[in-house]
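S.K.: fold the stuff below for me.
(one chain, ligands or ions: 1)
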Amino acid sequence: MNNQAIGIFDSGFGGLTVLKELRKVLPNEDLIYFGDTARIPYGTKSKETIIKYSKQNIRFLMRHHVKAIVVACNTASALAVPVVESMFDIPLIGVIEPGAKGAVRESKSGKIGVIGTTGTVRSGAYQDAIARLRPESMIESTPCPLFVQIVEEGWQDTEIARLTAEKYLEDIKRAKIDAMVMGCTHYPILENTLRKVMGEQVTLVNPARETALAVKSVLESEGMLSDRDNEAEYRFYVSDDPDKFRETGSQIVSVPMTMIRKISIENY
Ligand code: DGL
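M.R.: This is a model prediction of the structure:
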């Protein structure tokens, strides 16, 4: 048993899609969220930069004595987790393995699409994780970098979003996949548009849900679940304007964002 909080980080508010699922699966756990809003996007940056940022984010969360950290960013999970996980003595749970597991489970044909940031898709992390689980699968992947900006603008259900998705997803549609991983924490916010473009026959896989289940299973096996039955506490930190984060974040997840502070991540 361990009643310390779980830490979560992402480049911005996209990781709140993971926090939302964590709350459902682990309602008793306190959560501390860090959104690196001053340095977003991560998806277009080099591996070295993402490793540096991820180490700083982890150090910041560890100052708050978290018992485990959820890397709620696909880009950081793909580029940094394999390099940094052995450097810290608490569990680090990324979104790639859980997302790949969900895709393999949902696909009947083994033809699977993966969309994500340029960094995530180029890293091959999802492609490798899916192939490990199901070697005969056929994977079609495409980076969709503009989706992050579209979501940041709140344009997820507009004609601009639909036309952008039509363009990015041309090849994936031709590949006749039956499951597609939304391999960026911003993309589940675009789910309605992605569904319209891909059609009902394609299952959209949100790695957030699988990740929350993976966190539960890690905490269970390590004997680290909280045994409290009072209401969980949620704290938020950002590296830029807390008001913007609160405004957009409250549309994604309905938790009171009263405890939100700006910090200088470069100090960690
Ligand atoms: N949250 C990032 C991810 O899941 C996407 C946004 C960014 O590029 O920073 O990869």
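S.K.: strands of the stretch 151-268 of the chain, residue ranges please.
M.R.: Ranges of strands in the stretch 151-268 of the chain, per DSSP state E, counting those that start in this stretch, are 179-183, 203-205, 234-238, 260-262.
S.K.: can you say which of those strands is packed in most?
M.R.: Across these, averaging neighbours per residue (mean count of other CB atoms under 10 Å) puts strand 179-183 on top, at a mean of 28. In short, each C-beta sits where N, CA and C put it, glycine included.
S.K.: name the helices or strands packed onto that strand?
M.R.: For strand 179-183, the elements it packs on are helix 96-106, strand 111-116, helix 191-198, strand 203-205, helix 207-221, judged by 3 or more CB pairs under 8 Å, 6 or more residues apart in numbering; DSSP states H and E.
S.K.: the third one to strand 179-183, inter-axis angle?
M.R.: Computed by axes from the mean of the first three to the mean of the last three CA atoms, to 10 degrees, the angle separating helix 191-198 from strand 179-183 equals 140 degrees.
S.K.: would you turn the strands of the stretch 151-268 of the chain into TSV with mean pLDDT?
M.R.: Formatted as TSV, the strands of the stretch 151-268 of the chain follow (pLDDT from 0 to 100):
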stretch	mean pLDDT
strand 179-183	98
strand 203-205	98
strand 234-238	96
strand 260-262	96
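S.K.: could you redo those as TSV and give each row distance to P91?
M.R.: Putting those into TSV (distance: least, CB to CB, whole Å) gives the following:
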stretch	distance to P91
strand 179-183	22
strand 203-205	23
strand 234-238	20
strand 260-262	25
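S.K.: to the ligand, which of the ones you listed lies closest?
M.R.: Taking CB to the nearest ligand atom, strand 179-183 is the member of these nearest to the ligand, at 7.3 Å.
S.K.: for that closest one, which outside residues touch it?
M.R.: Residues outside strand 179-183 that contact it (CB atoms under 8 Å, 6 or more residues apart in numbering): 74, 96, 99-100, 102-103, 106-107, 112-117, 120-121, 126, 172, 188, 190-191, 194, 198, 202-207.
S.K.: overlap between those and the residues near the ligand?
M.R.: 74, 117, 120 (CB under 6 Å from any ligand atom).
S.K.: picking up where we left off before, filter the contacts of strand 179-183 to the buried ones?
M.R.: Buried members of the contacts of strand 179-183, scored by 16 or more other CB atoms under 10 Å, are 74, 96, 99-100, 102-103, 106-107, 112-117, 120-121, 126, 172, 188, 190, 194, 198, 202-207.
S.K.: can you tell me which of the ones next to the ligand among the contacts of strand 179-183 comes closest to the ligand?
M.R.: N74 (3.6 Å).
S.K.: now do the contacts for the closest one.
M.R.: 95-96, 99, 116-117, 120, 183-185, 207.
S.K.: same check on I263?
M.R.: Taking CB under 8 Å, 6+ apart, we find I263 in contact with 34, 60, 237-239.
S.K.: likewise N28?
M.R.: Counting by CB under 8 Å, 6+ apart, N28 touches 225-229, 232.
S.K.: so which of those residues is surrounded by the most neighbours?
M.R.: Counting neighbours by other CB atoms under 10 Å, S226 comes out on top of those with 20 neighbours.
S.K.: for the closest residue to Q201 other than its chain neighbours, what are phi and psi?
M.R.: Nearest residue to Q201, sequence neighbours excluded (CB to CB, 6 or more residues apart in numbering): D178, at 6.5 Å. For D178, the backbone dihedrals are phi -120, psi 0 (criterion: degrees, to the nearest 10).
S.K.: can you check T117 too?
M.R.: phi -70, psi 170.
S.K.: export stretch 92-109 to PDB, keeping only CA atoms.
M.R.: Extracted in PDB, the C-alpha atoms of stretch 92-109 (Å, rounded to 0.1, in the frame of the first residue of the first chain):
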ATOM      1  CA  LEU A  92       7.600   5.000 -15.500                       C
ATOM      2  CA  ILE A  93       4.700   4.000 -17.600                       C
ATOM      3  CA  GLY A  94       4.500   5.200 -21.200                       C
ATOM      4  CA  VAL A  95       1.500   5.000 -23.600                       C
ATOM      5  CA  ILE A  96       3.100   3.100 -26.500                       C
ATOM      6  CA  GLU A  97       3.000  -0.600 -25.200                       C
ATOM      7  CA  PRO A  98      -0.600  -0.200 -23.900                       C
ATOM      8  CA  GLY A  99      -1.700   1.500 -27.100                       C
ATOM      9  CA  ALA A 100      -0.100  -1.200 -29.300                       C
ATOM     10  CA  LYS A 101      -1.800  -3.900 -27.200                       C
ATOM     11  CA  GLY A 102      -5.200  -2.200 -27.700                       C
ATOM     12  CA  ALA A 103      -4.700  -2.000 -31.500                       C
ATOM     13  CA  VAL A 104      -3.700  -5.700 -31.700                       C
ATOM     14  CA  ARG A 105      -6.800  -6.700 -29.700                       C
ATOM     15  CA  GLU A 106      -9.200  -4.600 -31.800                       C
ATOM     16  CA  SER A 107      -7.900  -5.500 -35.200                       C
ATOM     17  CA  LYS A 108      -9.300  -8.700 -36.800                       C
ATOM     18  CA  SER A 109      -7.500  -8.400 -40.100                       C
END
